[in-house]
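Visitor: Here's my sequence, what's the structure:
(chains A and B)
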Amino acid sequence: MVKNSGQMKIMQMSFMIIGVFFFFVLVGLFVLGIAFGDVRSGAEELARAQAISSIGVIAGMSELNYDADDTMSVDEDKLKIMSGGFSNNYEDFWPVASIEVYKVYNVSREIVECPSVGCNYYSVYSSGQRNIEKVSSYVSICKRVKEFGSVHNKCEVGKILVGVEIRESEVGR
Amino acid sequence: MRMTKKGQFNFVWIFAILAGGTILALAIWGATQAGDTLRFQSDTEAGKSISILTDPLQSGFAEGSFGKISFRQETRLRNVCLGPGFGKNDISIAMQSGVGEKWNSAGGATSVYNKYIFSEEVNEGEDFFVFSKAFNFPYEVSDLVFLSSKNYCFLNAPDFVEEDISGLGIDNIVLDNCSSGDERVCFGSGSDCDAIVYGSCSSGCDSVYDFGKVVRSSDEMVYVGNLMYGAIFSDEAVYDCNVLRLLYRAGSIADVFSEKVDLMNARGCNSNLKGDLIVWGGMLENSTSEDLIGLNGFAEELERKNKGGGGSSGELCGVW
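Guide: Below you'll find the model as predicted:
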């Protein structure tokens, strides 16, 4: 009887310890889940912040800008060159997942990708990622022309969109 | 009977102590690991934040800009420049620890491809001072970002440097009134200098410091234009690597301009810079910081032609 009681106590103690152990494991997993969820959202938040702060930087880059002394104006000739395959050399250089520019005023509503007749849309860079959230800003799309013997700037209103990668679970939010 | 009971009692306690000790050890180990992971996370986020915070500090269309990044505790910022090609600056952050080793291991490095961050490889402090200036060679290549945690004292600085410092309100640089502990930077000559900036421009210059070299102990760095600040604030390794990246970028932009000339010519906005740009692109290839002064002469000639000041072959439709 006494022997059985001792064995019982050992079994109770064992079950108790195993129970406590699993309890702490579950608590640990819960805490880690919250912590890593925080990492993920932190990383996405930083990527989004970078995309927003990058718009001005990207539009001001010498590979796209029209006039170094002017802000938010892009060169149409450079857009043609960069969207024509030249930007493939750049790859990791861009701090965002995609860069697109399109004309918004006095053009067809239908998006026509350049190069083609009457085009209004330039895809400067795409990392190939599918889930992209885009942030945009208005820009001037300018080119230098020579008309009636004088050289002047010809500008149109456009929009620049830069994309930031988002996770599958955030699509459609 | 008593013996058995006593034995059982001892076994229960020994088992409980062993199992409890194991659980406690596992819990302490887990907490330490989780703490390390969270610290790695916050250091990595801080490194990424440095990259983002320097975005608005790029001068853009302004002459320059200045800002201060402050941390709550002593921080070690490591800036490693890697080439070749467009290259990158790898920025990592480590915070000071109150227990054990003085510095925690650094967080994950953030790679910055589109910025040129000039600093020493290891910078320590709570406040980091950042300012930027454009680099034109002859067209704008990029903004240069200068980062430092030290205080500097500039002696005999030329007017344009004084204007930059007072105009941008750069907190960590004083002119002439040096304090002990300041990094002393002398222009031209001076005594007890940590670094000396020499200017070698003698004709057709805005200043004798349009190009020259910066000498710091055994390091000697050749500069043109605003790269002077890069040479003052950087280690030789970081400086040379960033200059290589800039020259590669300048070559790539020359290719863009070369193709732009074709598009402009096609619509009657003529330019005769195509040949020069191809030659310029070739010159930039495989050039290093040692070649900067030689390249500067050709860059000035290109700028003159683009502005239409190149004599009878003057340019009407500027390419940049």
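Visitor: after the top helix by length along chain A, next one along is what?
Guide: Identified as the longest helix of chain A according to DSSP state H is helix A:2-59. Counting by DSSP states H and E, the next helix or strand C-terminal to helix A:2-59 is strand A:73-75.
Visitor: Whichever helix or strand comes after that next one and chain B, any residue contact?
Guide: Sequence order places helix A:76-83 as the next helix or strand after strand A:73-75, per DSSP H and E. Yes - residues of helix A:76-83 contacting chain B under Cβ under 8 Å from any Cβ of the partner chain: A:77-78, A:80-82. All C-beta atoms are positioned from the backbone trio N, CA, C, and that covers glycine.
Visitor: Give me the mean pLDDT for the longest helix of chain A.
Guide: Taken as a whole, helix A:2-59 has a mean pLDDT of 77.
Visitor: Just the buried residues of the top strand by length along chain B, please?
Guide: Scanning chain B for the longest strand, with DSSP state E as the assignment, gives strand B:64-82. Across strand B:64-82, burial judged by 16 or more other Cβ atoms under 10 Å in any protein chain shown covers B:64-66, B:69, B:71, B:75-81.
Visitor: of all those residues, which comes closest to B:Gly225?
Guide: B:Gly225 lies nearest to B:Gly64 out of those, by Cβ to Cβ, at 12.3 Å.
Visitor: How many neighbouring residues does residue 49 have?
Guide: Because you didn't say which chain, this covers chain A. 16 (other Cβ atoms under 10 Å in any protein chain shown).
Visitor: other chain: chain B
Guide: 17.
Visitor: OK, contacts around it?
Guide: By Cβ atoms under 8 Å, 6 or more residues apart in numbering or on different chains, the residues touching B:Ser49 are A:Leu46.
Visitor: Surely B:Tyr223 touches B:Leu292?
Guide: Yes - the pair B:Tyr223 / B:Leu292 is scored as a contact, 6.7 Å apart, by Cβ atoms under 8 Å.
Visitor: Need the overlap of contacts for these two.
Guide: Taking Cβ under 8 Å, 6+ apart as the criterion, B:Tyr223 and B:Leu292 both touch B:Phe211.
Visitor: which of the buried residues of strand B:64-82 sit farthest apart?
Guide: Most distant of these, by Cβ to Cβ, are B:Gly64 and B:Arg76, 26.8 Å apart.
Visitor: does chain B sit close to the longest helix of chain A?
Guide: Yes - if you take Cβ under 8 Å from any Cβ as the test, helix A:2-59 does meet chain B, through A:2-3, A:6, A:9-10, A:13-14, A:17, A:20-21, A:24, A:28, A:31-32, A:35, A:38-39, A:42, A:46, A:49-50, A:53-54, A:56-57.
Visitor: Quick check: ChimeraX command selecting the buried ones in the residues you listed.
Guide: Entered in ChimeraX, the line below selects the buried ones among those, by 16+ other Cβ under 10 Å:
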select /A:6,13,17,28,39,46,49,50,53,54,56,57
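Visitor: mind checking the SS state of A:Tyr105?
Guide: coil (DSSP: H, G, I helix; E, B strand; the rest coil).
Visitor: That one - how many residues pack around it?
Guide: For A:Tyr105, using other Cβ under 10 Å, the count is 11.
Visitor: Check A:Met72 too.
Guide: Neighbour count of A:Met72, defined by other Cβ under 10 Å: 18.
Visitor: pLDDT at it, what is it?
Guide: 87.
Visitor: got the contact list for it?
Guide: Taking Cβ under 8 Å, 6+ apart, one finds A:56, A:59-60, A:137-140 in contact with A:Met72.
Visitor: Quick check: of those, which lies closest to chain B?
Guide: Nearest to chain B among the contacts of A:Met72, counting by Cβ to the nearest Cβ, is A:Gly60 at 5.0 Å.
Visitor: my read: the closest one touches A:Thr71, true?
Guide: Yes - at 6.7 Å, A:Gly60 and A:Thr71 qualify as touching, with contact defined as Cβ under 8 Å.
Visitor: okay, those two: which has more neighbours?
Guide: The neighbour count for A:Gly60 versus A:Thr71, taken as other Cβ under 10 Å, is higher for A:Gly60 (22 against 15).
Visitor: before we move on, could you check phi and psi at that one?
Guide: phi -90, psi 0 (degrees, to the nearest 10).
Visitor: Likewise for B:Asn104?
Guide: According to degrees, to the nearest 10, B:Asn104 has phi -70, psi 160.
Visitor: likewise B:Asp194?
Guide: Torsion angles, degrees, to the nearest 10, at B:Asp194: phi -80, psi -30.
Visitor: Tell me where the stretch 201-320 of chain B is predicted with low confidence.
Guide: Counting by pLDDT under 70, the low-confidence segments of the stretch 201-320 of chain B come to B:309-316.
Visitor: so what's the spatially most central residue of chain B up against?
Guide: Closest residue to the average C-alpha location of chain B: B:Ile117 at 1.2 Å, with Cα atoms, centre = their mean. B:Ile117 is in contact with B:54, B:79, B:81, B:89, B:91, B:145, B:147, B:242, counting by Cβ under 8 Å, 6+ apart.
Visitor: So which of the residues you listed is the closest to A:Ile132?
Guide: Closest to A:Ile132 out of the contacts of B:Ile117 is B:Thr54 (23.9 Å), distances taken as Cβ to Cβ.
Visitor: What does the pLDDT read for the closest one?
Guide: In this prediction B:Thr54 is given a pLDDT of 68.
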